[in-house]
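I need the structure of the sequence given here:
(2 chains)
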Amino acid sequence: MTNSICFKCGAKKFGALTQCGSCNVMPRAEGDLALSLVLSEHLSSKTQLGVLAHEIRSHLKLSVSEALLHQAHEALKDPQLLAMLGTGPQTATDGSQARPAPRAVRPEPRSTTSSPSRQRKRSLHQSQLQKNPFALLGVTTRDDRRRIVEQAEDKSLELDHDACQKARSDLTSPRMRLSAEMSWLPGVSPRKAEQFVTTLHSDPMSLREESGLPTLAHLNLLAAAFEAVDGSDSADDVAEFIQEMAHLVDDLSAEQVLRDINEDRSVSGFPEVKGIEQVEAELSERKRYYRNAIKDALNRLPPASLVDAMTTAVDQITCGGEDHAPELIDDLVDSYAVETQGFLQKEAESVEKLIQAARDSAKSGESVVKPIVDKLEAVARNWDKVAQPIQLSAKARGIDHEPSHEIAYFVRSLAIDLFNEHDMLTQSQRLTGLIQELFAELPEVVEQVEQDSEALADIFQNRKMNEAQKNEWARDITYQAEVGMMFKDILSISPDGLAWKNKRFPLDVVTRVRWGAVRHSVNGIPSGTTYTLAFGDNRSEAVVELKKESTYSTFLEKLWKAVVIRLLTELFETLQAGNEVRFGEATLRDDGVTLIKHKFLGANEKVRCSWGQVHVWSADGSFYIGAKDDKKTYVDLSYIHAANTHVLEQAIRMAFKKPGMRCLSDLLH
Amino acid sequence: MGFISKLFGGNKEDKALREALEQIRRILEDEQFQLDMIHPAMKATIESCPAYDQDPNGTGPFGFSETNPIPVNGPIGQLAYLSKLETARGERILFHRIGAVDTIDVFEAVTFSGSEWFILFVDLYHPRRSRLTPDGFRFTQEVGQFSGFHKFCTNFPYDFVEMKQSESESGLSMAYIAISKVAESIQNRAYQRPLAHKAKLDLVRSRLTSVQTQ
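Alright, predicted model coming up:
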């Protein structure tokens, strides 16, 4: 298969005239088909295709040569190719497939997939096309002045005389005639035109299956068929119909129309139209008429279908707001915006009121705010549903829909306040998600809200993690044991505190801990070990004597995590703040310790040492801090009897491991 | 014939040649014989299908659309039918099978001179071949020696000589046209697909439900 790129989105695809796998668009109009041929390796090199793909994606003007386009247009005259595209002659009976293709290639007829609403038979008698002077008088574009006058006289006998005379005047006055011609079927043979008018009477929707017609004539027929749309047509079908019209309007060519009209005028004997300006002016009128025909049809639908049809049409034709829409769609959206303005304004006011109510009641708690947020969500969704076509269109045009912007930021502001000021993470996340869903067409809002959403998700995650860590810590420090042979007492430790007999200390108030073991022996024979544990605050202390080592060691492990680590940190912080802390006879400073010089005779002396001048050791159940250069200068602190000796030892030994340590609080850095 | 008879030494060879020619004629024209050459199971299927010139329910241009294919009698019938076609300008066609859309075989064809290209749709599940031709074609008055293949030619039609040789095993090679009929066009590289034809190939390939490879 041939490497190609999609004329709509620039994505790579295989086959020039095939459907794009990325945006699902298939070239249908002749211009798109010709361009698609140029956008394939049939007519462009790989390098050129790369450049063209970039131009399409960047919405730049395509650097396609006229010569290649001409070549492509010529190829599109191939009858079998047209038949394959579903745009050419369908039967072999008249041998027509051997003839050159019709001038314009139209959207693919989809008879096999016709919707029920297309299949539903209906009739149409008063469309604009049927009121056209040509239809009224039963004359053709090739009839001369004499024939028109005769027909007007004849028809006056059976129809309204004034209407017939006006029709005659419209067709015979060169200035008025152009308008009548352009609202008729220019470029269509008189016989075929007559058939179409008959079909319009009996089965107007079948005209949607027509193909190969000149663009203006095709549009006039479709606009007439649009007058048959009623409330029972499905939104999807109407949306498809709108898109068919929109593509055709984009294909309108004043030059082509001028050629078609002058071709017929050369037969009918009316003077040729000289200036293209007249045709262009009439085309503007035609476009206005098409837009109004669609608007009128939409207004005949139920409100929900109207909104759905508009949304579907804009969504599909702009590939979700990614591509520019045809002119007709932009015009339609603009008038839709005007007509829905009142509704949207009212809904926006409701949103603002609800946001204010949520703010006012936030202090009363989440249970009060939640129902208001529920209501806010419902109103915002309703608002967005109606605003959706406008948002998509604005996105496709590269502009912001200001009211959507405002609503999105109001809701975002509430989400931020609910979290920052009231810690309502759930409601805040809910609102953020709502903005992301409803205002996906507003790139700036989406970007901002994505950041909010990520931040909230992180906070939520951290909270969950903190909660998990907290639970794990609680599990780690919780322990309970029965102590005693006959009368059991409970020794326990948990996040609620430490407890022994009738004494209970919350973890945070414990300021002192000590523990140790004493081995007993009788005549050198070991008679057991007594384990001592003590903990308390500044006023009292609980002392536990244990025989079971397992209880002792397990409790110590828990105590270390629950209390000692905190005491260590507090010790470092106290020293860092420049305070002194006494441990027995030793006085600790951040940068050193005051020891005692023990004298055989006379009073002991206090000696101030820096941490570099001392060393530590353990002996005989005590912790020693001594001067390196004087054996007599030291303090000893009993592990089992002096409070927090273990804490001090741990602090000093940890600090000594830090290279170049000068202060104990260096560990905090 | 007389010259050939002398060359091969008399009546015996004359008779052998006649038989060979008769065999070729039957391959090219005898519909029943063409059916007899294929697998019995397939033959039975084909014989159970209706015989007509054009599908009465067919839509689209005859032979140019998968919805209105040319009815023919089996794969040999495909070769026989397509080899009998000539354009309004009197040019016969070279062809090969590029795949199928469901049961409808799709052939790419080009005139011997390379002036025109076609995509043709053929339905082989019929006991006889159509007496109609697609628009712009007629049946040739020449002997319709085979000028194409019911398999895919990678380098169509430049690989015609190789493909013809590969048919020697099937016993069909003797029913093919002389290479001299297309040698000049092949040599001159006269076969260049026009843009419209390339676009058609893209489209038809995107619709193929089975793709033929060699």
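
Report the central residue of chain B.
By CA atoms, centre = their mean, chain B has its centre lying nearest to residue B:79, at 2.7 Å.

Let me see the mean pLDDT of the helix or strand encompassing that residue.
Residue B:79 is part of helix B:74-84 when elements are defined by DSSP states H and E. Averaged over helix B:74-84, pLDDT sits at 91.

CA atoms only for that helix, dumped as PDB, please.
Taking C-alpha atoms only, helix B:74-84 is exported to PDB below (Å, rounded to 0.1, in the frame of the first residue of the first chain):
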ATOM      1  CA  GLY B  74     -13.800 -21.700 -12.000                       C
ATOM      2  CA  PRO B  75     -10.100 -20.500 -12.100                       C
ATOM      3  CA  ILE B  76      -9.400 -21.800 -15.600                       C
ATOM      4  CA  GLY B  77     -12.600 -20.100 -16.700                       C
ATOM      5  CA  GLN B  78     -11.200 -16.900 -15.200                       C
ATOM      6  CA  LEU B  79      -8.100 -17.200 -17.400                       C
ATOM      7  CA  ALA B  80     -10.200 -18.100 -20.500                       C
ATOM      8  CA  TYR B  81     -12.700 -15.300 -20.000                       C
ATOM      9  CA  LEU B  82     -10.200 -12.500 -19.300                       C
ATOM     10  CA  SER B  83      -7.900 -13.700 -22.100                       C
ATOM     11  CA  LYS B  84     -10.800 -13.300 -24.600                       C
END
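
got the contact list for whatever helix or strand comes next after it?
Downstream of helix B:74-84, the next assigned helix or strand under DSSP H and E is strand B:85-87. Contacts to strand B:85-87, defined as CB atoms under 8 Å, 6 or more residues apart in numbering or on different chains, come from residues B:92-93, B:109, B:111, B:116, B:133-134, B:136-140, B:142. For glycine as for every other residue, the C-beta is placed from the backbone atoms N, C-alpha and C.

how about low-confidence regions in chain A?
A:87-121, A:669 (pLDDT under 70).

again, only using 50
A:88-113 (pLDDT under 50).

Chain B too?
Looking along chain B with the criterion set at pLDDT under 50, you get B:1-10, B:214.

Which residues of the stretch 501-650 of chain A lie near chain B?
On the criterion CB under 8 Å from any CB of the partner chain, chain B has no neighbours in the stretch 501-650 of chain A.

Now do the helices in the stretch 501-650 of chain A.
For the stretch 501-650 of chain A, the helices defined by DSSP state H, counting those that start in this stretch cover A:549-559, A:565-576, A:645-656.

May I see the buried residues of the first one?
The reference is to helix A:549-559. Neighbour-count burial for helix A:549-559, counted by 16 or more other CB atoms under 10 Å in any protein chain shown, picks out A:551-552, A:555-556, A:558-559.

Can you show me the strands along chain B?
B:70-71, B:85-87, B:93-101, B:104-111, B:117-123, B:137-139, B:148-149, B:210-211 (DSSP state E).

partner strands of the third one, parallel or antiparallel?
It stands for strand B:93-101. strand B:104-111 (antiparallel), strand B:148-149 (parallel), strand B:210-211 (antiparallel) (DSSP bridges).

most packed of those?
Mean neighbours per residue, mean count of other CB atoms under 10 Å in any protein chain shown, is largest over the strands paired with strand B:93-101 for strand B:148-149, with a mean of 27.

Send me stretch A:351-366 as PDB with only the CA atoms.
Below are the C-alpha coordinates for stretch A:351-366, written out as PDB (Å, rounded to 0.1, in the frame of the first residue of the first chain):
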ATOM      1  CA  VAL A 351     -23.100  28.000  40.100                       C
ATOM      2  CA  GLU A 352     -21.800  31.200  41.700                       C
ATOM      3  CA  LYS A 353     -24.600  31.000  44.400                       C
ATOM      4  CA  LEU A 354     -23.800  27.400  45.200                       C
ATOM      5  CA  ILE A 355     -20.100  28.200  45.400                       C
ATOM      6  CA  GLN A 356     -20.800  31.000  47.900                       C
ATOM      7  CA  ALA A 357     -23.100  28.600  49.900                       C
ATOM      8  CA  ALA A 358     -20.300  26.000  50.000                       C
ATOM      9  CA  ARG A 359     -17.900  28.600  51.300                       C
ATOM     10  CA  ASP A 360     -20.300  29.900  53.900                       C
ATOM     11  CA  SER A 361     -21.100  26.500  55.200                       C
ATOM     12  CA  ALA A 362     -17.500  25.100  55.100                       C
ATOM     13  CA  LYS A 363     -17.000  25.900  58.800                       C
ATOM     14  CA  SER A 364     -19.900  23.600  59.700                       C
ATOM     15  CA  GLY A 365     -18.000  20.600  58.300                       C
ATOM     16  CA  GLU A 366     -17.800  18.300  55.300                       C
END
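
What are the contacting residues of it?
Residues contacting stretch A:351-366 (CB under 8 Å, 6+ apart): A:368-369, A:372-373, A:375-376, A:379-380, A:383, A:407, A:410-411, A:413-414, A:417-418, A:421-422, A:424, A:426-427.

Cheers, nothing more for now.
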